[in-house]
Structures are given as structure tokens and as C-alpha cells.
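> what's the 3D shape of this:
(chains A and B)
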Amino acid sequence: MYLSRFPVTTLKETPADAEVISHQLMLRAGLIRRLASGLYSWLPLGLRVLKKVENIVREEMDSSGAVEVLMPSIQPAELWQQSGRWEQYGPELLRLQDRHGRDFCYGPTHEEIITDLANRELTSYKQLPVNYYQIQTKFRDEVRPRFGIMRAREFLMKDAYSFHLDQASLQETYDLMYQTYTSIFTRLGLDFRAVMAHSGAIGGSSSHEFHVLAESGEDAIAFSSDSDYAANIEKAETLPGNDQRAAAGADMQSIDTPGQHSIDEVSAFLKTEPSRCVKTLLVNGTEEGSVVALVLRGDHGLNEVKASHLDAVASPLVFASDEQIRKVAGCSAGSLGPVGLDIPVIADHAALQLADFICGANTDGKHLTGVNWERDCPLPVAADLRNVVDGDPSPDGKGTLSVVRGIEVGHIFQLGQKYSSTMDATVLDENGKSITMTMGCYGIGVTRIVAAAIEQNHDENGIIWPDAIAPFSVAIAPINFQNTDSVRETAIRLHDEFTAAGIEVLLYDQKARLGAMLADLDLIGIPHRIVIGERGLKDGNVEYKARAHDKGKDVPLADIVSLIKQALN
RNA sequence: CGGAGUGUAGCUCAGCUUGGUAGAGCACUACGUUCGGGACGUAGGGGUCGGAGGUUCAAAUCCUCUCACUCCGACCA
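Numbering: from 1, shown residues only, chains lettered A, B, ... in the order given. A predicted model of the protein is given here:
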């Protein structure tokens, strides 16, 4: 491909509204342009990358035995009403009406549609199991679209749905999808982890997420040093510990702590560690109007998912209002403590191991020190309430946990009969008996993968594409292309040789100085680069440099094509 | 949803306090000189200053409304 025939518009300056590096680089390299909040156009260069990702996903899905379909992006409300999600889904669901006033939505996902389709197409156990997938545009009206393509409103997703006669068959396909996803992300050239996950709004039981590891990831994931254990931090359990705590060594005292509200403020004021304090959070209980206290060690963070799963706690988790707090505790949020609270109290295991701790006195401007469970207040119910932290023991008993950040790019679920039962999706078994099908669902964020790949592979000069998804494999930068015959002829000949060899090559045939060419090529991240100059040509050499490596080297012109062929294998 | 902020050329921004009819850099076009890591000169093209209304002899600038976008927060305890 000649650059003169393939419009690439790079930007020297970073557009002001791009925060994360992938968004900045995608705009600067001319991969995407923003149309409106959370909506992006893909320019030719970006689309080449997107197509590569899509093709790898498609090839691996096909080879797993899944079969491709394509369902409408606009979906009738009736099906969503049948599953109950028309009411459950909030404003994230983009609802619209046609000219007859009939309700529709732009699909954020396709469980309803596929279940309906399967119900029509699948009538016999002989047709099972089957795994339908599509690669298609979704729309979710995100509260806060951001990070460019990473959390856009409209995005491309591969979603697959499998149908089974029983759980054992589902488990088989689920395991197969786990393997398939592993192959996909491996082929994409990304550093990723599969982690146990919370199944969230889609429902179902077993679930794994696939994360591309990157500092800027929106999710925290925990994995063990000595075993395969890996889980989203939402899901990662803490071990109860031995429940032994030191004996009380101090008397309980009330201390004035004027204006000290947060744990950090209080612990600094009292010249101690946050881990010597407990924090008390009031949340709505299951019963209308009730309030429950959650107690954590000061340096630990509440895990809202775990908390909302407790029987006594309302789900989803809602924090008590200031009025409620004052009503049950008689103080503001900054002075809460478990001593003398006349509501259910649930404490995290780690908080229960403290002795002589510090907490709010339930009186504004006062905290208590030297507090001990049982002696000073009733022993609360114990629970796992907190997020795991670096160094916690692994829940499987092997090794310790590390917490890193990840970008969720894939998610597999066992849905069971959540949709098939409400939508009455059945087949006949070998005895002629009607059986409700068991389902699995498997998503991959195709557009998000592009952003995630950049988050993981870039330097100060721009993108460094993995070979598998680079828009072009090789770039040719000819010095003084217009005026130097030998350079021009060599460049064109190499271009043709690469093309003939089936290697995608971009020839920088536009008038530009070397520096400008190289800056552009670094920015757009083409993995292999050849500089052709009159000087090197005199010795029969061109310069070769891999984008990912520091130094270029002179290579005999005769060897360059085979050298790059090798590098690509 | 709550809070803060920003809308001026394709991009990054200045001008607004103190009203006088719009600028810079990058990008773009032409010509020339350059040409091994983002060249330089000369000459150009491009903006109803987000929109509507108001105040005024006069509004990018002041006032009101509106739209769009961005950021922060939604564990303070």
C-alpha cells in the first residue's frame, strides 16, 4: 500500500479531552475520530486493526465449533418484557419507538433475541448442543462514557450463546470456550489473565472474566503466587483467619477529636496506624427503613458486592443517608463506632481480630480508644466484607495474593435456565418429554481489545502493535523518494516483493523528511521498519528496525525480505 | 444524579477582567531553498467566536436562557 493512496492523518498535539494513553494515541495516530460522546468513527488505519481482531476471534470461534449468526441490533420490547429485563434495566437501555408507537430498544446484549431464536429453531435434543455467535454492534447508554473506545456507548462485541440439554453439556462447552478464549488472547499477542468473576446483572452461576493486564485497567484482579487462583477483586475471598485476638490491654477511653472524620485524619491525629482503627459504615438493611452497621479495619476497603450479598443487607448496596445516620447513632458519619449501637452489626474478620482499637464514639467530635470486642460491645456477626489486598493469603491456601489492574475484554457465564425458563425455550428429549434448555453465554469486547492492546503496548513515541493485529506488518521509509532514483526504485521493488509474499506493507511515498516519516511510523506503531537511503544503498544495505526494539541495524538489501518473513513467524 | 469547568480556524490555545468588528503555533495550498530522527522562507486559503434572546451607537467580550462536551464524586465514617 502506498501512503499516498491510504489516507492517514496523524496529530502532533493531543486532543484535550483524551485522558488515557490508548485514547490519546488512537486519536493522534488517526485510528478513530469522535462523533459524539461515546460514539466513534473508525478511520481506514484503525479499521484494519479492528478487522484483524475480529478475524482472529471469528477463526477461533469457528474452529471451536460455534456457528455464526447475525441478529438485529434493534430489538422489540416484548421479548425484554418476557424476560423481565424491560423493567430491570435502567436508563442504560436505549429505548425507542417506531412510527406506530411500538417500543424497541437498541440491543445492549442479545440473550432475549437468541433465546427466542433458539426456541423457534431448536425443537429436538438431536440439535443440541449448539453454540451460536455473532460479531455485532451493541449500544449501552453508559452513565459516563470515557477513555475513548474503551468505555464507549456503541461498541463491537462478539457474543455467543450455547444451548444444552443438561448442566454437564453446558460445562463441556463452557470449558471449551475457556480454552478458545485463551487461544484468542494468546494469538492476539496480549498479556492476559482469566479470573473467577461475579456474574453481575446477566445472572447465572459460574463465571470467568478475561483481563488484559494494564496499569490503567478499571478492574482490580487478585492472583496467587503459588497456584492458579485468580479472581476479580469483587469476588476474591479473604480467609477468616484464626479468629484469635490479643487480650484486652487497655481501658476504653473517650478522646476529643475535633474535626477529625476520616480514618486517615483520626489515625494521624492520634499518632497511630489506620490498621489500629475500625471504620463503621451504615447501609440500608433488607427490611424497609432498617439500617445495618458494617465494621472494617481502618486500612481495609469495603467490598460492595460481598456486602450486598449478605442476608441482612439490601441489594444493591445503598449507604444510609445523613439523616438516617443521625437518627440511629446520634452523630455524623465521621464519628460512628460499634460501641452502643442498637442496630445489627456485621464485622469483617480482620476487624474482629483487633484488640485495643480505636473507633468513633457515636458523638460528634469524639472517638474511643482501647476498645475491645465482647468487653465493650457485643461481638458482632463475622463476615467477609473487605477487598483483598496485596499479601493476603490465597483463599485456596496456596501462596499469597497480588493485586494488579486489568481491562475486562472477555467474560463467560453459565446462565443455566435463567432465560430459557422465563421465555419457555424447550426441546423434546428422546422420550418425547419437553426439556427446558440450559444456556451459557460468552462475550468478547472486540473494539475494547484494540484499546487494551495499546494500553499494554506503547512507548513515548506511540503505539507498538503486536504482529497479529498491526494494520501493516512492514513500513518502508525511503529518504528523498521523489528525487533519488535508486531509492525510489528500491522502495518500489521491496514494496512489490512484500506484497507478492503476502506481507502487508506501507510505503511512505509522500514528500517528507526522514524525521517526520519516522515520527509518523513510530506513532502508528508498525512493527517492522525499513529505511532506504542513498548512503546505505551504496554499500548494498538498508536499515531495519523493529518497533519494539531500540536500535536499527544495517541489513543487506538482498536479505531484508527473508529477514522480515522470519521475524513474522 | 450531585459538584466543578470548557465551548473562538481541522488540532492546541490566546483575546473576555476594562465592549470598538478576530489572532498565534501546528495542519493545509503554491513556489523556492533544504533533505539519514518532527526543516526554513515567501505568498495564500480557512472562523455567522456552540445556539437563541437581551443591554448598547457598537458584543467573542456584559446579562438571561439553552445546547454540547469534559473532569471530579457517588466508602466521609
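
> And stretch A:332-343, end to end?
End-to-end distance of stretch A:332-343: 16 Å, with CA to CA, to the nearest Å as the criterion.

> typo on my end, stretch A:141-159
Using CA to CA, the end-to-end distance of stretch A:141-159 comes to 18 Å.

> domain assignment for chain A?
A:47-236+A:403-454, A:253-383, A:472-567 (automatic domain parsing).

> Is it possible to get CSV of those domains that adds mean pLDDT?
Formatted as CSV, those follow (pLDDT from 0 to 100):
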stretch, mean pLDDT
domain A:47-236+A:403-454, 91
domain A:253-383, 85
domain A:472-567, 95
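
> As CSV, these with mean neighbour count would be great.
C-beta: built from backbone N, CA, C; applies to glycine. Formatted as CSV, the domains of chain A follow (neighbours: other CB atoms under 10 Å):
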stretch, mean neighbour count
domain A:47-236+A:403-454, 19
domain A:253-383, 18
domain A:472-567, 18
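
> How about the secondary structure of the residue nearest to A:Q353 when sequence neighbours are not counted?
With sequence-adjacent residues excluded and distances taken as CB to CB, 6 or more residues apart in numbering, A:Q353 is closest to A:R245, at 4.7 Å. For A:R245, the secondary structure call by DSSP: H, G, I helix; E, B strand; the rest coil comes out as coil.

> Next to RNA strand B in this structure, residues from the stretch 401-550 of chain A, please.
Applying CB under 7 Å from any atom of the strand, we find that the stretch 401-550 of chain A lies next to RNA strand B at A:461, A:479-480, A:483, A:513-516, A:518-520, A:522-523, A:531-537, A:543, A:545.

> what does the stretch 251-400 of chain A put close to RNA strand B?
Residues of the stretch 251-400 of chain A lying close to RNA strand B by CB under 7 Å from any atom of the strand are A:261-264, A:277, A:279-282, A:301-302, A:304, A:319-320, A:325, A:332-337, A:359-360, A:387.

> From those, which land in strands?
A:279-282, A:359-360 (DSSP state E).

> Identify the farthest-apart pair in these.
Greatest spatial distance among those (CB to CB): A:L282 and A:C359, at 13.4 Å.

> what is in contact with the two at once?
Residues touching both A:L282 and A:C359 (CB atoms under 8 Å, 6 or more residues apart in numbering): A:L336.

> On the three-state scheme, A:S22 is what?
Following three-state DSSP, we place A:S22 in the helix state.

> For it, the count of nearby residues, please.
Applying other CB atoms under 10 Å, we find 28 residues neighbouring A:S22.

> wait, it sits on A:R151?
No. The criterion here is CB atoms under 8 Å, and A:S22 misses it with A:R151 at 11.1 Å.

> before we move on, the earlier item: distance to A:G189 for the ones in strands among the residues of the stretch 251-400 of chain A next to RNA strand B - can I get that in CSV?
Output for those, formatted as CSV (distance: CB to CB, whole Å):
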residue, distance to A:G189
A:K279, 43
A:T280, 48
A:L281, 43
A:L282, 48
A:C359, 50
A:G360, 51
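
> ok, back up a step: out of the residues of the stretch 401-550 of chain A next to RNA strand B, which sit inside strands?
A:531-532, A:543, A:545.

> for A:Y125, what are its contacts?
A:165, A:427-430, A:435.

> One more pass at 7 Å, please.
The contact partners of A:Y125, by CB atoms under 7 Å, 6 or more residues apart in numbering, come to A:165, A:427-430.

> Could you measure from A:A548 over to RNA strand B?
From A:A548 across to RNA strand B, the span is 13 Å (CB to the nearest atom of the strand, to the nearest Å).

> Between the contacts of A:Y125, which sits nearest A:E92?
Ranked by distance to A:E92 (CB to CB), the contacts of A:Y125 are led by A:V427 at 32.5 Å.

> three-state assignment of the closest one?
Per three-state DSSP, A:V427 ends up strand.

> Now do the same contact list for the residue lying closest to A:H528 once chain neighbours are set aside.
Excluding the flanking residues, the one nearest A:H528 by CB to CB, 6+ apart is A:V474, at 4.6 Å. Listed by CB under 7 Å, 6+ apart, the contact set of A:V474 reads A:498, A:503, A:505, A:526, A:528, A:530, A:564.

> Identify the residues contacting stretch A:449-460?
So stretch A:449-460 is contacted by A:20-22, A:25-26, A:49-50, A:53, A:148-150, A:188, A:190-191, A:212-214, A:216, A:407, A:409, A:463-466, A:469 (CB under 7 Å, 6+ apart).

> and these, which of them are in strands?
Among the contacts of stretch A:449-460, the members falling in strands (DSSP E) are A:212-213, A:407, A:409, A:463.

> ok, the residues you listed vs RNA strand B, which is closest?
Using CB to the nearest atom of the strand, A:I463 comes nearest to RNA strand B of the ones in strands among the contacts of stretch A:449-460, at 11.8 Å.

> how much space between A:G416 and A:I449?
As judged by CB to CB, to the nearest Å, A:G416 and A:I449 stand 28 Å apart.

> Checking my notes, A:N131 in a strand, right?
Yes. Counting by three-state DSSP, A:N131 is found in a strand.

> That one touches A:V69, doesn't it?
No. Contact criterion CB atoms under 7 Å: A:N131 and A:V69 do not qualify, at 10.5 Å.

> what do those two both touch?
Common neighbours of A:N131 and A:V69 (CB under 7 Å, 6+ apart) do not exist.

> follow-up on the earlier one: may I have the beta-bridge partners of the residue nearest to A:H528?
On the basis of DSSP bridges, A:V474 is bridged to A:V505, A:H528.

> Could you export the ones in strands among the contacts of stretch A:449-460 to CSV, including columns for distance to A:T137?
As requested, those are exported to CSV (distance: CB to CB, whole Å):
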residue, distance to A:T137
A:V212, 21
A:L213, 27
A:I407, 20
A:V409, 17
A:I463, 24
